[in-house]
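> Provided below are the primary sequence and the corresponding predicted coordinates.
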Amino acid sequence: MKILVVDDSEMTRLILQGRLGQWGYEVINACDGQEAWEILQKKGRPRIALIDWMMPNMNGIELLEKIRQYIKEPYIYTILLTAKKGKEHLLEAMTAGADDFISKPFDPHILKVRLRAGIRITKLQEELIAAREELRIQATHDSLTQLFNRSALVDMITREISRSQRDNSSVGILMIDIDHFKSINDTYGHLVGDQVLIQLAQRMKTCTRQYDAIGRYGGEEFIIILPQCGEQEVLSVAERLRKSICSNAFETTSGPINASISLGATWVTPSEQDCQEEDLIRIADKALYQAKNNGRNCTIIFT
Ligand SMILES: [Mg+2]
């Protein structure tokens, strides 16, 4: 655990460094508020800060106010360590955003247990952030394939349409359906069908760019959003994907299974101002329907 020590006295920094080092902490030193503020803006910043009050450039109170104004997450737990004593100073420090207040000269035992209290708080917050992130993923992703779910996809298409108008670029949509998927499920069972879906998801990832969004729209239907792609780019992704699927069998617990996909594609240019996400989905869906009628294992693109 990293601890930031902010003090203009070299002697105090050395004493703290010695103690904290003995207790197993990694110490990062700053000789005033300004230097501390620079450290706190970097990645991997310490989560706990021991801050002196009286310092040149930026004092402890100013530093606390800046931390509370600009750093929301993850929380920085702050202990003001100062020669100032008395209720009015404690009140001022806590009002500025300090979590704790210790008077110098400090009792090392007191500092040790107060630090432990701070670590408990930062750990709790880490767990809360992780739990919230997990919930966010559950709400936006399909649990089987780990791709985006339907509602996340629709939101992203809306965002990409307005972004493409802002950037004056096109955006492509692919709607993909596994051919005769029902017969795979009927012949081999749903568990094997799921294995095919998971592998299709992986292959879609390898056939697209990092900033393309892939999602599961329904049972065996998928959508890929292709930012900055016009007709040619959309078609080339579609064909690359289609060939990768039909030329390599899916490996399942019931042995290799050959399958193909049909693709419906469309794209929108920045001049089509009034295009809505449902229009794009509807057109791609129509193109997919046409691809199915044309004998499957092919791509159809509609404007
Ligand atoms: Mg000082």
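Received, thanks.

> Enumerate every residue touching residue 85.
residue 103 (Cβ atoms under 8 Å, 6 or more residues apart in numbering). For the C-beta atoms, the positions are set from N, CA and C on the backbone; glycine is no exception.

> Please give the element, helix or strand, for it.
Following DSSP states H and E, there is no helix or strand that holds residue 85.

> what about the residue of the stretch 151-300 of the chain found nearest the ion, neighbour count?
Taking Cβ to the ion, the ion has its nearest neighbour within the stretch 151-300 of the chain at residue 210, 48.4 Å off. Neighbour count for residue 210, taken as other Cβ atoms under 10 Å: 5.

> can you tell me which residues contact it?
Per Cβ under 8 Å, 6+ apart, neighbours of residue 210: none.

> mind checking the SS state of it?
Secondary structure assignment for residue 210 (DSSP: H, G, I helix; E, B strand; the rest coil): coil.

> now it: how far from residue 20?
From residue 210 across to residue 20, the span is 41 Å (Cβ to Cβ, to the nearest Å).

> can you check residue 91 too?
27 Å.

> So these two - more neighbours on which side?
Using other Cβ under 10 Å as the criterion, residue 91 and residue 20 rank with residue 20 on top: 22 against 11.

> where does this structure come near the ion, residue by residue?
For the chain, the contact set with the ion under Cβ under 5 Å from the ion comprises 8, 52, 54-55.

> Apply 6 Å and report the result again.
7-9, 52, 54-55 (Cβ under 6 Å from the ion).

> Give the buried residues for stretch 141-160.
By neighbour count with 16 or more other Cβ atoms under 10 Å, stretch 141-160 contains the buried residues 141-142, 145, 147-149, 152-154, 156-157, 160.

> which of those residues sit farthest apart?
145 and 160 (20.4 Å; Cβ to Cβ).

> For residue 194, pull up the helix or strand it's in.
Short version: residue 194 belongs to helix 190-206, going by DSSP H and E.

> What lies in contact with that helix?
144-147, 176, 178, 181, 184-185, 214, 216, 220, 222, 224, 241, 244-245, 248, 250-254, 257, 259, 261.

> Tell me which residues touch the closest residue to the ion within the stretch 101-250 of the chain, please.
The stretch 101-250 of the chain approaches the ion most closely through residue 104 (9.1 Å), counting by Cβ to the ion. Going by Cβ under 8 Å, 6+ apart, residue 104 touches 12, 81-83.

> out of these, which are buried?
Going by neighbour count (16+ other Cβ under 10 Å), those have 12, 81-82 buried.

> Make sure residue 75 is indeed in a strand.
No: with three-state DSSP as the criterion, residue 75 is assigned coil and is not in a strand.

> Do I have it right that it meets residue 125?
Yes: the pair residue 75 / residue 125 is scored as a contact, 5.1 Å apart, by Cβ atoms under 8 Å.

> More neighbours: which of those two?
residue 75 (19 against 15).

> Tell me, domain by domain, which residues of this structure belong where.
2-139, 150-302 (automatic domain parsing).

> Contact partners for the residue nearest to residue 275 when sequence neighbours are not counted?
Closest residue to residue 275 apart from its sequence neighbours, by Cβ to Cβ, 6 or more residues apart in numbering: residue 268 at 4.8 Å. Residues in contact with residue 268 (Cβ under 8 Å, 6+ apart) are 161, 164, 170-171, 173, 275, 280.

> now do residue 66
33, 37, 58.

> any idea which element the last one lies in?
Using DSSP H and E, residue 58 falls within no helix or strand.

> does it really touch residue 37, like I thought?
Yes: between residue 58 and residue 37 there is a contact under Cβ under 8 Å: 6.5 Å.

> May I see the buried residues of the helix or strand hosting residue 234?
For residue 234, the element it lies in under DSSP H and E is helix 231-247. Residues 234-235, 237-238, 241-242, 245 are the ones in helix 231-247 that count as buried (16+ other Cβ under 10 Å).
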